[in-house]
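*Asks:* Provided below are the primary sequence and the corresponding predicted coordinates.
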Amino acid sequence: MLAPLGYKVLIKPDPIGETNKFGDMVVKGSDIVIPKTAGERAQKAARTGTLIRKGPSASHGIEYVPDGARVVITKYTGAEVKEFDGDEEYWIVNDEDVSAWDMPEGWTPPQTEEK
């Protein structure tokens, strides 16, 4: 399994979406819908995926995001890579390029101990 170094994060991209009866793009396995009227601009603005691992120096808020969370990253960032021993595709991006995550309702970040 690939392990990101430094401030990088490893993301498994979501499958390509399908079009609903209204012509809107629906991301597989999610409730995310990109309206037809948004056209290519919205599709190029961001990508979605699942956070697999964080590098040891990852910060910018990503340290609170649990592995397995769904995330949104900017479209033209990072590198697309394949595992050394398989065909699984991943993205390696900077921690600051993760724009948002699917935060469960009522979630609060873990409290740190004051010294």
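*Replies:* Received it, and whenever you're ready, just let me know what you need.
*Asks:* just the helices in this structure please.
*Replies:* Assigned by DSSP state H, the chain shows helices spanning 39-45.
*Asks:* top strand in it by residue count?
*Replies:* strand 46-54 (DSSP state E).
*Asks:* So what are the sheet partners of that strand and their directions?
*Replies:* For strand 46-54, the paired strands and their directions (DSSP bridges) read strand 8-13 (antiparallel), strand 70-74 (antiparallel).
*Asks:* Tell me which of those sits most buried.
*Replies:* For those, the largest average neighbour count (mean count of other C-beta atoms under 10 Å) is found in strand 8-13, namely a mean of 21. C-beta coordinates here come from the backbone N, C-alpha and C atoms, glycine included.
*Asks:* Might you list the low-confidence residue ranges for the protein?
*Replies:* With pLDDT under 70 as the threshold, the chain has low-confidence stretches at 16-45, 112-115.
*Asks:* hmm, 80 instead?
*Replies:* Per-residue confidence of the chain (counting by pLDDT under 80) places the weak regions at 1, 15-46, 75, 83-86, 104, 107-115.
*Asks:* Geometrically speaking, which residue is the centre of it?
*Replies:* In the chain, the residue lying closest to the centroid (C-alpha atoms, centre = their mean) is residue 71, at 3.2 Å.
*Asks:* Put the alpha carbons of the longest strand of the chain into CSV.
*Replies:* Coordinates of each C-alpha in strand 46-54 appear next as CSV, following Å, rounded to 0.1, in the frame of the first residue of the first chain:
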residue,chain,number,x,y,z
ALA,A,46,-13.3,20.0,-7.9
ARG,A,47,-12.9,16.2,-7.6
THR,A,48,-14.1,13.9,-4.9
GLY,A,49,-12.6,10.8,-3.3
THR,A,50,-11.9,8.9,-0.1
LEU,A,51,-9.1,9.8,2.2
ILE,A,52,-6.9,6.7,2.6
ARG,A,53,-3.8,7.9,4.5
LYS,A,54,-2.1,11.1,5.7
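*Asks:* What residues of it count as buried?
*Replies:* Buried residues in strand 46-54, counting neighbours by 16 or more other C-beta atoms under 10 Å, are found at 47-54.
*Asks:* I am finished for the moment; much appreciated.
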